[in-house]
Every structure is written in structure tokens, then in C-alpha cells.
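**Student:** From the sequence below, what's the structure:
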Amino acid sequence: MALIRSCVLSVAIGIAVLAGPAAAEPIRVKVGVLNDMSGVYADTGGKGSVVAAQMAVEDFAKTSPDVQVEIVSADHQNKPDVGAAVARQWYDRDGVDAILDVPTSSVALAVSQVTREKNKIFIDSGAGTTELTGKQCSPNTIQWTYDTYALAHGTAGAMLKRGGDTWYFLTADYAFGLSLQNEAKAVIDAGGGRVLGAARVPFPATDFSSFLLQAQASGAKVVGLANAGGDTVNAVKQAHEFGLTDGGQKLAALLIYAVDVHAIGLQTAQGLVLTESFYWDLNPETRAFSERFYPRNGNTMPTMNHAGVYAGLLHYLKAVAATKSTDPQKTMAWMKANPTDDPLFGKGVVRADGRKIHPMYLFAVKAPSESKGPWDLYELLDTIPAEQAFRPLAEGGCPLVAKP
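**Tutor:** Residues are numbered from 1 along each chain as shown. The predicted structure follows:
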């Protein structure tokens, strides 16, 4: 299998330990960035996630010179069997201690299972299914950035408040899309709304015409896009071409990133309501990181997935340094026992079920006249507190959570 390729930079930290014979032996860590490098999710993760991992290692080296880190990367092609095979090879043959990123929920669930079997560490920043912290939770997995519960409660809840009480879904036909639709439906039902129908769209898709016609014919006030990446970009563009919103229907993109909005353009995307856990222009810390990231990623701003790779790897490296070990039980115990603190998400915690907790943010896409530059895309509508953003610990069905 020729899928695994080392990233351009293997970052080593710990040069200072070579200064004298009494210096301690450095701790060596190998991490793998596994994601979609060439398909519909390449822009939201892809090579940018490798850049984010490199930056985490470089920043960590400034304060902890006793750890040496090597980064490798691979393309899972959005296929669970490929992702599982890469994970096994990395763990069994290549000495990888932890895997990062892994968008595409079906792939993430497969990698989580392999990681548990091999007793390693998996820090997911790209997949949305709540099963990672629900019935399929693992003592070896952390879900860092977002999940379908947080997205659905943020965006669907906001649309309901704006009068969007009837919905029709265009749903990517795999674990992520179905989870996102189900979570949104629960919010809609609880809020007194109705779901009039749904179309399962093959993943990935380029032609949404027949599905958009079904959505148009339904008469639903809101057309919910339960997809992501290139699928969402194509769906929004084609909905605009069809004049779907001209008839009064609203689009709700349940997972969309700044890079997607930039690709669609403000003229088409303006007014979209969305939920994210990170935005490059959110505060001085996110801006400082993004300005360093931008030239290293082909003049493209980071997504929340990239931010999750950076922050998740920082927390893991802190655990390695604190425990002076790459033993998965020791590092995971440390990561759950100690608060998280990084410049991109601020302070947070990792719960017993592996869910990383932090605020989520509700945004609206600006009109062209409101934007001050090519990447000035969002207006902040609301901040969802960390304790409200994610599913309550007792409701997920994770076997790791002690019953009261």
C-alpha cells in the first residue's frame, strides 16, 4: 500500500539536551496526521492539518526542550478500510504513538476502534459523529473540535428562533450526515417545528439538481444541508443557481467552514447562519496564529479542523512531557485530569467520554458591502457557553461514564 507518506518536515525538538553528558535522554514521539488529502475535505483538513501539527510542535519546543517529535501524514481517501489499514500499519510497523485529525465519521470510527485495539492515542478534530463519545466511545479517543450535537443545536436552534419551523434535509449518505440530520431533527421537534422530508445524497456528490428540486417542491421554509466540504460548496452554489432562496426558502448549512464560504463567495453565501468552534478573526490570539499559518498554507486561513489539530497536539505533548512517557494510559489520564489551555480555544476540559469542552460560536455570513477584505467573512451573533454547547455527559450512553 503506497498511501503513507512522510510529511515534508519531521520536526525535532530537544536540541538543547545535547549540551552535556549529564543531560537526560529525550522523549521521542511520533504522530500521524491522517485525513483527506485530495478529495472533498482536502481544503478543511488536508495539508493544512500537517502545517498546524508542525506549528504545534515548533511552539511546544519553545518551553519543553526534552521531547523530540516526528510527524508523518497520509491520505485516507474517505474510505474506512483505507483509514483502518493506515492506522494499523502506523501502529504496528512505523511506531506511531498518536493519530490526529481524521475527518469523515465512518473513517474516524474505524480508526478509533483500531487505536483501542492497539492501545494508542487518537485525537480527532475532523469528524462530527457523536458516536465517538457515545455508545462507541473509547478510552483511547478524544473528540476535540466539534460534533453534530453542537452544530445542530447552534444552527437549527437559531433558524427556529427566526421562524424556520419547517425543514427539508439534503443529507450526505454516511455516518456524519445521518448523525447531523438526526441531531437537527431532535432540536426541530423539541422546538415545535416539523421535518417535511429528507433526501439521502450519495457521498461525495457533484450534482444536487434533483435533490434541490425535491427540497423546492416540499415547500419547507428551511433547506438543511447535512453535509460538509466540497459537497456543501456545490450544494450552496447550485441552490443559488436554481433560485431556491428567491422563493423565500432559507438555506441552513449545518457544517460549513470559512474556507468554504470564501470559495462560494459572499454574494452567494451572504446571510447563511452557521456554527463553528473557531474563526481566524475571533480574537487577538486566533489572529496571531492565523497570520503565521496563512503563508504556510498557500495563503489560506485555517479552519476549525486545523485549529483542533494544533490545540489537540499541544495538549498531548504537554501530557507526554508531564508524565515523561508515551504510555497511552498515562498520557490519556493526564489529558483528562488537567484542564486544556491554548491560544485558539482558550481554557477547557476533556470529559470522561473523550469529549473536549469549549464554547461554540454562532455566526452569520456578511454581505459583500460589510466585508473589509477577502477573508472578512463572519459576523458573530452569539457565543454558546461550553457547558451548553455539547451533549450532556449522562445522555451519550458512553460506557466510560460512571452511572449515578
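
**Student:** so what's the closest residue to residue 149 other than its chain neighbours up against?
**Tutor:** Computed as Cβ to Cβ, 6 or more residues apart in numbering, the closest residue to residue 149 that is not its neighbour in sequence is residue 391, at 4.3 Å. Heads up, the C-betas are built off the backbone N, CA and C, glycines and all. Applying Cβ atoms under 8 Å, 6 or more residues apart in numbering, we find residue 391 in contact with 130, 133, 134, 147, 149, 355.

**Student:** Of these, just say which sits nearest to residue 173.
**Tutor:** residue 130 (17.9 Å; Cβ to Cβ).

**Student:** hmm, back to that, among the contacts of residue 391, name the buried ones.
**Tutor:** Applying 16 or more other Cβ atoms under 10 Å to the contacts of residue 391, the neighbour count classes 130, 133, 134, 147, 149, 355 as buried.

**Student:** what's around residue 371, how many residues?
**Tutor:** 16 (other Cβ atoms under 10 Å).

**Student:** so how far is residue 272 from the residue lying closest to it once chain neighbours are set aside?
**Tutor:** The shortest distance from residue 371 to any residue other than its chain neighbours is 5.8 Å, reached at residue 266 (Cβ to Cβ, 6+ apart). As judged by Cβ to Cβ, to the nearest Å, residue 266 and residue 272 stand 10 Å apart.

**Student:** Equivalent analysis for residue 39, please.
**Tutor:** Distance from residue 39 to residue 272, by Cβ to Cβ: 23 Å.

**Student:** Residue ranges in the stretch 101-250 of the chain under the pLDDT threshold?
**Tutor:** Across the stretch 101-250 of the chain, nothing is flagged by pLDDT under 70.

**Student:** Please, where are all the strands along it?
**Tutor:** All strands of the stretch 101-250 of the chain, identified by DSSP state E, counting those that start in this stretch, fall at 121-124, 141-143, 166-172, 194-201, 222-226, 250-253.

**Student:** could you say what helices and strands the helix or strand hosting residue 57 packs with?
**Tutor:** Assigned by DSSP states H and E, residue 57 falls within helix 46-61. Applying 3 or more Cβ pairs under 8 Å, 6 or more residues apart in numbering; DSSP states H and E, we find helix 46-61 packed against strand 27-35, strand 67-75, strand 98-101, helix 284-296, helix 304-323.

**Student:** what's the most buried one of the ones you listed?
**Tutor:** strand 98-101 (a mean of 30; mean count of other Cβ atoms under 10 Å).

**Student:** Strand partners (parallel or antiparallel) of it?
**Tutor:** Sheet pairing of strand 98-101 (DSSP bridges) gives strand 27-35 (parallel), strand 121-124 (parallel).

**Student:** measure residue 43 to residue 54 for me?
**Tutor:** 18 Å.

**Student:** For burial, what's the neighbour tally of residue 341?
**Tutor:** 13.

**Student:** Please save the CA atoms from stretch 200-216 in CSV.
**Tutor:** The C-alpha coordinates for stretch 200-216 follow below in CSV (Å, rounded to 0.1, in the frame of the first residue of the first chain):
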residue,chain,number,x,y,z
ARG,A,200,-30.1,10.9,1.1
VAL,A,201,-27.4,12.2,-1.2
PRO,A,202,-24.6,9.9,-2.3
PHE,A,203,-21.2,10.8,-0.9
PRO,A,204,-19.4,12.6,-2.4
ALA,A,205,-21.7,14.4,-4.8
THR,A,206,-21.3,17.0,-7.6
ASP,A,207,-24.9,17.2,-9.0
PHE,A,208,-27.5,18.3,-6.5
SER,A,209,-30.1,19.3,-9.0
SER,A,210,-32.7,16.5,-8.4
PHE,A,211,-32.4,16.8,-4.7
LEU,A,212,-32.8,20.6,-4.8
LEU,A,213,-35.9,20.2,-6.9
GLN,A,214,-37.3,17.9,-4.2
ALA,A,215,-36.5,20.4,-1.5
GLN,A,216,-38.1,23.2,-3.5
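
**Student:** Run through who's touching it.
**Tutor:** Under Cβ under 8 Å, 6+ apart, the answer for stretch 200-216 is 39-40, 78, 168, 170-174, 177, 197, 199, 223, 227, 229-231, 234-235, 238-239, 242, 244, 247, 249.

**Student:** Just the buried residues from those, in ChimeraX please.
**Tutor:** Here is the ChimeraX command that picks out the buried ones among the contacts of stretch 200-216, judged by 16+ other Cβ under 10 Å:
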select :39,40,78,168,170,171,172,174,177,199,223,227,229,230,231,234,235,238,239,242,244,249
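
**Student:** does residue 155 really touch residue 363, like I thought?
**Tutor:** No: Residue 155 is beyond contact range of residue 363, at 9.6 Å (criterion: Cβ atoms under 8 Å).

**Student:** any common contacting residues for the two?
**Tutor:** 273, 274, 275.

**Student:** Restricted to buried residues, select these in ChimeraX.
**Tutor:** Remark: buried members of the shared contacts of residue 155 and residue 363, expressed as a ChimeraX selection using 16+ other Cβ under 10 Å:
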select :273,274,275
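
**Student:** Which residue, other than its chain neighbours, is closest to the residue nearest the centre of the chain?
**Tutor:** By Cα atoms, centre = their mean, the chain has its centre lying nearest to residue 126, at 3.2 Å. Spatial nearest neighbour of residue 126, chain neighbours left out: residue 103 (2.9 Å); criterion: Cβ to Cβ, 6+ apart.

**Student:** Show me the domain layout of this protein.
**Tutor:** 27-146+283-357, 149-276 (the TED database).

**Student:** okay if I get those as JSON lines plus distance to residue 375?
**Tutor:** Converted to JSON lines, the domains of the chain look like this (distance: least, Cβ to Cβ, whole Å):
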{"stretch": "domain 27-146+283-357", "distance to residue 375": "5"}
{"stretch": "domain 149-276", "distance to residue 375": "6"}
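
**Student:** Between those domains, which one is closest to residue 399.
**Tutor:** Minimum separation from residue 399 across the domains of the chain (Cβ to Cβ) falls at domain 27-146+283-357, 6.8 Å.

**Student:** so how far is the first residue of the closest one from its last?
**Tutor:** End-to-end distance of domain 27-146+283-357 (Cα to Cα, to the nearest Å): 29 Å.
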